[in-house]
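A.B. asks: only geometry, no sequence info:
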């Protein structure tokens, strides 16, 4: 069972301070620098942040950063075997891109290529919208993003319109356009299979 870390307090290992929304998050700079070139430069490069032992992360949400760190860092039981799901994919994709975590990025791509395409995987409709936006924003290969569009296409165009209603127009229109391609393919495939059965 995972035991979360309290990142709001420093420890013997967690001495580097990240300030997000005017709140402190203390991280193990050495651990993060081993798995992220971003943190290697931030914590140990020739920058003011490295010498001060603190950095402010602008344009990020405190809870999102903490959720990401809970995933990427071992818990208090020294375990770090956390699963990628439709619920955490968007946050993980965002930070794996912004903070340059190449191993996590590879795991996310594998998730889209293998786990996500499984017929037994149950995914929340709303999460797929977040997934497709973040995957496009962070440059995932089109063939992997198409796996999300395919699952969205299975919901039907009306359901996707509902899900994209509150989004900015550029996102909603792009998603609907891509999903429409897959709805057409799914309809054709269904009709073809139906005719073969007759």
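C.D. replies: Done, it's in. All values reported here derive from a predicted model rather than from experimental measurement.

A.B. asks: Doesn't residue 55 belong to a strand?
C.D. replies: Yes: the assignment for residue 55 by DSSP: H, G, I helix; E, B strand; the rest coil puts it in a strand.

A.B. asks: what's the spacing between the closest residue to it other than its chain neighbours and residue 101?
C.D. replies: Taking CB to CB, 6 or more residues apart in numbering, and ignoring the residues beside it in sequence, residue 55 has residue 49 as its nearest neighbour in space, at 3.9 Å. Where you see a C-beta, it was placed from the backbone N, CA and C, and this is true even at glycine. The gap separating residue 49 from residue 101 is 18 Å, by CB to CB, to the nearest Å.

A.B. asks: who has more neighbours, these two?
C.D. replies: For the pair residue 49 and residue 101, the greater number of neighbours falls to residue 101 (22 against 17), based on other CB atoms under 10 Å.

A.B. asks: for that one, what are its contacts?
C.D. replies: If a contact means CB atoms under 8 Å, 6 or more residues apart in numbering, then residue 101 has 35, 36, 38, 72, 95 as its contacts.

A.B. asks: Now render those as a markdown table, adding secondary structure, neighbour count and distance to residue 7.
C.D. replies: Compiled in a markdown table, those are given as follows (DSSP: H, G, I helix; E, B strand; the rest coil; neighbours: other CB atoms under 10 Å; distance: CB to CB, whole Å):
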| residue | secondary structure | neighbour count | distance to residue 7 |
| --- | --- | --- | --- |
| 35 | helix | 17 | 16 |
| 36 | coil | 21 | 16 |
| 38 | helix | 17 | 17 |
| 72 | helix | 21 | 11 |
| 95 | helix | 23 | 14 |
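
A.B. asks: can you map out the helices along the protein?
C.D. replies: Counting by DSSP state H, the segments of the chain that form helices are 29-35, 37-44, 48-52, 62-72, 89-98, 102-113, 125-137, 142-155, 157-163, 169-197.

A.B. asks: Residue 125: which of the contacts of residue 101 is nearest?
C.D. replies: Relative to residue 125, the closest of those is residue 95; by CB to CB it sits at 23.5 Å.
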